[in-house]
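Trainee: here is my input; please provide its structure:
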Amino acid sequence: MAKGFEKSHNKWGWVFISLSVIFLALFIFYPLIYSLYLSTFSTKGAIKTFVGFGNYKRLFQDNYFILSVKNIFIILIIQVPIMLFLALIFAFLLNDPKLKFKGIYRTALFLPAVTSLIAYSVVFKMMFSSEGLINNMLMSLHIIKEPIRWLLDPFWSKVTLIIAMTWRWTGYNMMLYLAGLQNIPQEIYEAAEIDGASKVSQFFKITIPLLKPIILFTTILSTIGTLQLFDEPMMLAAGVTTGSSVGPGNSLLTPSVYIYNVSFKYVPNFGYASAISYMIVIIAVILSIIQFKVAGEDK
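Mentor: Model prediction:
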C-alpha cells in the first residue's frame, strides 16, 4: 500500500515538473548545444560553411575582438574592486545598531539598482555633457579650467562608464553584504570594541574575513556581469555610435556589443558570433577558477 502510494506521488511529481523540464530543454540546453555546433560554421544568411575551429583561430587575429576584451578588462580591473569595496563599507556602516534612519539610507543606496536603464543613461548623458552639471560644478570649484569631454574622449568615456556602473550596482552588492552581516553575532563587535579595536580595525579583521564566502560570490557575479556588459555602453555611446565604432575610438566596445554587431549590424555571421560567445564563457570560467584559488576555496 505504502509503495503504491509512493509510486503514485513520484509519477505525479514528474508530471508537475515535466513542463519546467521541457522549457529548460527548449530555451536553455538546446540553445547552448546548438550555438556550440553553430560556432564551427561560418554563416552568411542561410548559407553555412563548416570551418571547424576556424572561427576560434580568427578571434586571435580580430582587432575588434581584441580591443573589446582589452576594454572590458580595464573596466573589470578598475570598476569591480571599487564597487565591491564601497558596498562593503556602506554595509558595515549601515549595520550599526545605533544608526538611525537605516531604512532610508538602505533604500536610497539600493534604488539605483532598480532604476530604469534608459532613464539613468539619459540622466548621466545630460550630467556628463560638455555643459552638464558635472563640468559646471568642477569649474565653479576651480578644479578644471575648461569642460571635460566626458563622452567624446576615449579615456573619459571609460571613466564615465565606470562611474555609471558603480553608481548603479554598489547598492545591490551592499544588500548582499548586509544580509551576510546579519548572521555575524553583534557580540563579536562588542567584544572587539571593549578590547579597544577601532571601527577600521573591526572592518578589516572581523567583517571582511567573516564575509569571505559572500565577497567571493559577489566578485564572481560581478566579473561575469561585467564580461557580459552590453546595456550601458550602448546607451552611453548613443550618438557616438557608427557602423564600426562604439564610443570615441571604440572605447566603449565590449564583447557583448561586438557579438551584437557581428550578428545584426555587419554582414550577419551567427557562427562567428557564437564562437565569440563561447570564448567569453571560457574567459569567465578561467577567471572564476582563479578567484576560487586566490580566495583559498577548493569547492
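Trainee: Pro248 and Lys158 touch, don't they?
Mentor: No. Here Pro248 does not reach Lys158: they are 9.9 Å apart, not a contact under CB atoms under 8 Å. (Each C-beta comes from the backbone N, C-alpha and C, glycine too.)
Trainee: now the helix or strand containing Ile17: mean pLDDT?
Mentor: Taking DSSP states H and E as the criterion, Ile17 maps to helix 2-24. When pLDDT is averaged over helix 2-24, the result is 72.
Trainee: give the next helix or strand downstream of that helix.
Mentor: helix 30-38.
Trainee: and for that following helix, what are the contacting residues?
Mentor: 270-271, 274, 277-278 (CB atoms under 8 Å, 6 or more residues apart in numbering).
Trainee: can you give me the buried ones in it?
Mentor: 35, 38 (16 or more other CB atoms under 10 Å).
Trainee: how far is it from where the chain is centred?
Mentor: 24 Å (CA atoms, centre = their mean, to the nearest Å).
Trainee: any idea of the mean pLDDT for it?
Mentor: The model assigns helix 30-38 a mean pLDDT of 90.
Trainee: CA atoms only: put that helix into CSV for me.
Mentor: C-alpha atoms of helix 30-38 as CSV (Å, rounded to 0.1, in the frame of the first residue of the first chain):
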residue,chain,number,x,y,z
TYR,A,30,19.1,23.3,-26.8
PRO,A,31,20.4,26.9,-27.5
LEU,A,32,23.7,26.1,-25.6
ILE,A,33,24.3,22.9,-27.7
TYR,A,34,23.2,24.4,-31.0
SER,A,35,25.3,27.6,-30.5
LEU,A,36,28.3,25.4,-29.8
TYR,A,37,27.6,23.5,-33.0
LEU,A,38,27.0,26.7,-34.9
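Trainee: after it, which helix or strand is next?
Mentor: Following helix 30-38 in sequence, per DSSP H and E, is strand 41-44.
Trainee: what is that following strand packed up against?
Mentor: strand 47-50, helix 54-59, helix 270-295 (3 or more CB pairs under 8 Å, 6 or more residues apart in numbering; DSSP states H and E).
Trainee: low pLDDT regions in the stretch 51-200 of the chain?
Mentor: Under the criterion pLDDT under 70, no range of the stretch 51-200 of the chain is flagged.
Trainee: ok, for Thr207, nearest residue in space, not its chain neighbours?
Mentor: Phe92 (5.4 Å; CB to CB, 6 or more residues apart in numbering).
Trainee: surely that neighbour and Ile184 touch.
Mentor: No. Judged on CB under 8 Å, Phe92 makes no contact with Ile184 at a distance of 10.4 Å.
Trainee: tell me which of those two has more neighbours.
Mentor: Phe92 (21 against 14; other CB atoms under 10 Å).
Trainee: identify the contacts common to Phe92 and Ile184.
Mentor: In contact with both Phe92 and Ile184: Thr207, using CB under 8 Å, 6+ apart.
Trainee: for the residue nearest the centre of the chain, what are its contacts?
Mentor: Of all residues in the chain, the one closest to the mean position by CA atoms, centre = their mean is Gly225, 2.5 Å from it. Listed by CB under 8 Å, 6+ apart, the contact partners of Gly225 are Trp169.
Trainee: compute the distance between it and Thr43, please.
Mentor: 28 Å (CB to CB, to the nearest Å).
Trainee: now Ile104
Mentor: Taking CB to CB, one finds Ile104 at 53 Å from Thr43.
Trainee: so those two - more neighbours on which side?
Mentor: A direct count of neighbours by other CB under 10 Å for Ile104 and Thr43 places Thr43 higher, at 20 against 9.
Trainee: quick one, grab the pLDDT at that one.
Mentor: For Thr43, the predicted pLDDT is 85.
Trainee: if you drop the residues flanking it in sequence, what lies closest to it?
Mentor: Looking at Thr43 with CB to CB, 6+ apart, the closest residue is Gly271, at 4.4 Å.
Trainee: the one you found is in contact with Ile47, isn't it?
Mentor: No. Between Gly271 and Ile47 there is no contact under CB under 8 Å: 10.5 Å.
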